[in-house]
Structure formats: C-alpha cells, structure tokens
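Participant: I'll drop the sequence and a predicted model, then ask my questions.
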Amino acid sequence: MQIKVASRLSLLPPYLFAELDRLKREVAQTGVDVISLGIGDPDLPTPQHIVDALKRTADLPANHRYPDYQGLDRFREAATGWYKRRFNVTLDANREACALIGSKEGIANFPVAVVDPGDVVLIPSPGYPVYYSGCVFNGGEPYYMPLRRENAFLPDLGAIPAEIARRAKVMWLNYPNNPTAATAEPAFLKLAVDYCLKNNIILAHDFAYSEIAFDGYRAPSVLEIDGARECAIEFHSLSKTYSMTGWRVGFVVGNATLVGALGTVKTNVDSGVFQAVQEAAIAGLTGGEETLHKYCAIYKERRDLMVAGLRALGLACDVPRATFYLWAQVPPGYTSASFTERVLKETGVVITPGSGFGKGGEGYVRFSLTVPSERLREAVERIKALRL
Ligand SMILES: *Cc1c(COP(=O)(O)O)cnc(C)c1O
C-alpha cells in the first residue's frame with residue numbers, strides 16, 4: 001500500500017534546523033566538546049518546593065484518574081490569584097481561566113477554536129513557529145508583521161493593509177519576545193488593543209517569558225489594558241518561569257468566550273494535566289519567589305558577560321531587559337545560516353539562525369543563555385579565534 005499523508009503537512013516550511021541538527025551530530029562525533037546555546041530550555045533545576053509538591057501528591061490515588069480538562073479549581077484559583085497579585089487584574093477562575101498542557105498546546109489548539117478557512121492570521125516575523133503551523137493547519141492565511149530593530153522589534157500596525165486588517169481574525173503578539181528578547185511597554189499594548197477592537201480582531205498574547213526580567217523591569221500583561229477583556233486572551237507558561245519545560249503545564253486567561261471556545265476544543269482532543277503536576281504548579285504560583293529572583297540574577301549575570309563578549313568580537317546586540325536570549329546581528333558577508341554553520345563547524349558552539357524563526361529573522365542569530373557562565377566565556381573565546 002502507498003501511504004499518502006495529509007496535504008496540510010506540506011504547508012510546513014522546510015525544517016531549517018534539519019541541516020543544523022545533522023551538522024551538530026557530525027561535529028559531536030569528531031569528539032568536539034559542543035557548547036549548545038541553541039535551544040530555549042533552562043539548565044537551572046525546577047525549584048525544590050515545586051518538586052516536593054509533586055512527590056507529596058503523586059501517591060494519592062485520586063490524582064491517578066482523568067483530570068478535568070480545564071484544571072483543578074484550586075489550580076485556576078492559583079493562576080487568577082497570581083494575576084491579581086502580579087498585575088492587579090481580577091479574573092473569574094471559572095470562566096476566564098483554563099489549564100493547558102504547556103502553553104504550546106494552547107497556542108496550537110486556539111486556532112482550531114477561532115480560525116475559519118480563509119481567515120487571515122497576523123503573525124510576527126521572526127516569531128515562535130507554532131503561530132504559523134496553527135494557522136495553516138486550520139486553513140488560515142498567514143500575514144507576516146515584520147519585527148525590525150528600527151521599530152524596537154514591535155510590529156508597525158499602521159503598515160498592515162486595510163484589506164488585510166478587514167480579513168484578519170487573530171493577531172499574535174509575544175512580549176517579552178522570543179527570539180528578539182524585545183519588550184513592549186503598556187503604551188504599545190494599548191495601541192494593539194485599540195487596533196484589534198477597531199478592526200474586530202482577536203488579540204492572542206503569548207506571555208511565556210513574563211517573569212524572566214532584569215534591572216527592575218516588570219513585563220506588563222495585555223489584560224491590564226482597558227478594553228482587553230473584550231478581545232484578548234493571554235497564554236502563560238510555567239516552563240520558563242519555574243524551569244519546568246519537561247512538566248507540561250501552563251494556563252490561559254482572558255476573554256471568557258475565547259477561553260470557553262478553546263476549552264471546547266480541549267474537551268475533544270485532550271484530557272487535562274496530571275493533577276500532581278497541577279499541585280506542583282500551584283506550589284510554584286503561590287510561593288517561593290526567592291528562587292525566581294535568584295534565577296533571574298543568574299540569567300542577568302550571563303547576559304552581561306555574553307553581551308560584553310559578543311560586542312568585543314564586533315557582534316552588535318542590544319542589552320535585553322527580559323528573556324534568556326541575545327539577538328545578535330551577523331557580521332557583514334554572512335547570512336544567518338552561513339554564520340551559524342561556520343561557528344558550529346569551526347568552534348563547536350551551537351547557536352540558532354534567526355531565519356529559522358521566519359524571514360524577518362534573517363541577518364540575526366539567537367544565543368540562549370541556558371548554560372553556566374564558564375561555558376559562555378569558553379564560547380566567546382572560541383568564536384574570538386575565528387577573527388571575524
Ligand atoms: C517556550 C515557549 C513557549 C511554550 O512553552 P510551553 O513549554 O509549551 O509552555 C511558547 N511560546 C514561546 C515564545 C516560547 O518560547
């Protein structure tokens with residue numbers, strides 16, 4: 001028999017990282033000590049009080065049954081309580097919050113709930129690839145909003161053609177941003193909310209890096225903005241905040257109709273988050289702030305060391321106030337891919353080509369600050385030897 005997979009799979013862009021993965025294996029096989037600054041996965045462990053909460057609750061038979069897809073009442077209350085303390089935003093835990101099996105799950109399933117074939121989805125470029133796949137898997141038509149340095153890596157909403165705005169159903173935003181590490185002020189979020197209300201567009205904000213911030217910076221929630229409750233939904237992850245990428249837990253909050261629609265999809269495709277993992281997440285959301293401050297201080301130290309190192313090598317990059325990424329311009333004469341390849345082949349340092357996040361990322365590379373400082377210093381020393 002001949003198997004023919006669904007044609008929607010052919011809508012995915014060629015996997016830009018495939019060649020890089022092959023090269024990485026090749027380099028590692030030659031015995032080179034590879035330094036991976038490629039993926040956004042924290043090296044710092046999940047805080048102990050969170051792990052302990054899992055241990056305490058994993059034994060209970062009540063937790064071994066199917067969880068409710070929308071999450072335990074106490075989990076949703078912990079999430080909305082955290083929103084109240086952190087942003088002074090009051091949410092109804094029953095109607096305006098839902099647990100997610102990691103925010104990626106919610107980001108991928110949200111278009112199932114709101115995008116009809118032919119609807120335009122406004123997607124930042126560069127951006128997290130799931131905005132695109134969720135769009136095209138559901139028959140949506142992506143429209144890219146370029147994030148340019150001269151505009152502080154914010155989309156220029158005025159540049160979106162009127163015809164596109166008229167057909168647009170959803171706008172994705174993500175601040176603090178992956179991959180550019182840019183942040184957005186409340187004034188920009190207000191512009192975005194007003195734009196979406198005026199054009200009847202759903203504003204979907206990916207807030208995965210809300211707590212990874214330095215120098216006193218506190219990222220604003222889109223739900224703090226007047227009018228946001230009418231049009232916006234915010235995806236929150238515990239992965240980066242609490243170093244819990246492997247645990248698969250997040251939540252979504254915002255407009256009750258939107259949260260409810262996503263919930264309807266979820267009842268049909270998943271069966272919720274293991275309750276002991278929800279208990280662990282509750283422990284994270286309700287205590288142990290010191291560990292977070294400690295972790296942010298570690299990322300900040302790495303950031304300072306790496307920005308100084310890259311600048312000394314002649315690689316231009318801004319000093320980010322949030323996320324654990326650096327977004328650096330490639331030297332003249334290189335593309336994102338050719339620079340990444342040369343660095344990997346000749347130094348064993350893995351970085352991510354900006355073009356892997358969409359056309360708007362061309363000319364940049366992303367460094368993840370998810371290895372100890374000594375390794376970052378070693379990476380800078382090795383790249384120095386390239387005499388760029
Ligand atoms: C890491 C990440 C996510 C997904 O996180 P989960 O582990 O699925 O909660 C979503 N958006 C961005 C921009 C990310 O970097």
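Facilitator: Cool, the structure landed.

Participant: Contact distance from the ligand - what residues of the stretch 201-350 of the chain qualify?
Facilitator: 206, 208, 237, 239-240, 245, 250 (Cβ under 6 Å from any ligand atom). C-beta coordinates here come from the backbone N, C-alpha and C atoms, glycine included.

Participant: Need these in JSON lines (columns: secondary structure).
Facilitator: Output for those, formatted as JSON lines (DSSP: H, G, I helix; E, B strand; the rest coil):
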{"residue": "206", "secondary structure": "strand"}
{"residue": "208", "secondary structure": "coil"}
{"residue": "237", "secondary structure": "strand"}
{"residue": "239", "secondary structure": "coil"}
{"residue": "240", "secondary structure": "coil"}
{"residue": "245", "secondary structure": "coil"}
{"residue": "250", "secondary structure": "strand"}
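
Participant: Output these as a markdown table; include the columns pLDDT.
Facilitator: Shown next, in a markdown table, are these (pLDDT from 0 to 100):
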| residue | pLDDT |
| --- | --- |
| 206 | 98 |
| 208 | 98 |
| 237 | 96 |
| 239 | 97 |
| 240 | 96 |
| 245 | 96 |
| 250 | 98 |
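
Participant: beta partners for residue 233?
Facilitator: residue 204, residue 254 (DSSP bridges).

Participant: need the helices for this structure, in chain order.
Facilitator: 17-29, 48-58, 73-87, 103-114, 130-137, 162-167, 186-199, 228-231, 256-269, 275-286, 289-312, 336-347, 373-384 (DSSP state H).

Participant: Which one of the ones you listed lies nearest to residue 155?
Facilitator: Residue 155 sits nearest to helix 186-199 of all the helices of the chain, at 8.3 Å, using Cβ to Cβ.

Participant: Which residues belonging to that closest one are considered buried?
Facilitator: 188-193, 195-197, 199 (16 or more other Cβ atoms under 10 Å).

Participant: Between the helices of the chain, which one is closest to residue 365.
Facilitator: Between the helices of the chain, helix 336-347 lies closest to residue 365; by Cβ to Cβ that is 5.8 Å.

Participant: and that closest one, how far from the chain's centre?
Facilitator: Chain-centre distance of helix 336-347: 24 Å, with Cα atoms, centre = their mean, to the nearest Å.

Participant: cool, stretch 326-342 as well?
Facilitator: Using Cα atoms, centre = their mean, the offset of stretch 326-342 from its chain centre is 22 Å.

Participant: Could you find the closest non-adjacent residue to residue 123?
Facilitator: Counting by Cβ to Cβ, 6 or more residues apart in numbering, residue 123 lies nearest to residue 131, which is 4.6 Å off, once chain neighbours are set aside.

Participant: right, I mislabeled it, should have said residue 79
Facilitator: Closest to residue 79 by Cβ to Cβ, 6+ apart is residue 251, at 4.6 Å.

Participant: I figured the one you found was touching residue 100, is that so?
Facilitator: Yes: counting by Cβ atoms under 8 Å, residue 251 touches residue 100, with 5.6 Å between them.

Participant: got the contact list for stretch 139-151?
Facilitator: Under the contact criterion Cβ atoms under 8 Å, 6 or more residues apart in numbering, stretch 139-151 has outside partners 111, 115-127, 131-132, 134-136, 153-157, 159-160, 164, 167-171, 177, 180, 182, 318, 358-360.

Participant: let me redo that: stretch 342-355
Facilitator: Contacts of stretch 342-355 (Cβ under 8 Å, 6+ apart): 16-17, 20, 23-24, 27, 32-39, 126, 179, 327, 330, 334-337, 339-340, 361-368, 379, 382-383, 385-386.

Participant: who touches the closest residue in space to residue 244 that isn't next to it in sequence in this structure?
Facilitator: Nearest non-adjacent residue to residue 244, counting by Cβ to Cβ, 6+ apart: residue 238, 4.7 Å away. Residues in contact with residue 238 (Cβ under 8 Å, 6+ apart) are 244, 247, 249-250, 281, 284-285.

Participant: nearest to the ligand, of those residues?
Facilitator: residue 250 (4.2 Å; Cβ to the nearest ligand atom).

Participant: Any idea what the closest one is bridged to?
Facilitator: Bridge pairing for residue 250 - DSSP bridges - gives residue 100, residue 237.

Participant: List the contacts of it.
Facilitator: Residue 250 neighbours (Cβ under 8 Å, 6+ apart): 99-106, 235-239.

Participant: could you redo the last one with a cut-off of 6 Å?
Facilitator: 100, 102-103, 236-238 (Cβ atoms under 6 Å, 6 or more residues apart in numbering).

Participant: Looking at the residues you listed, spot the one nearest residue 212.
Facilitator: Nearest member of the contacts of residue 250 to residue 212, counting by Cβ to Cβ, is residue 237, at 10.7 Å.

Participant: Correct me if wrong: residue 101 contacts residue 248.
Facilitator: Yes: using Cβ atoms under 6 Å, residue 101 is in contact with residue 248, at 5.0 Å.
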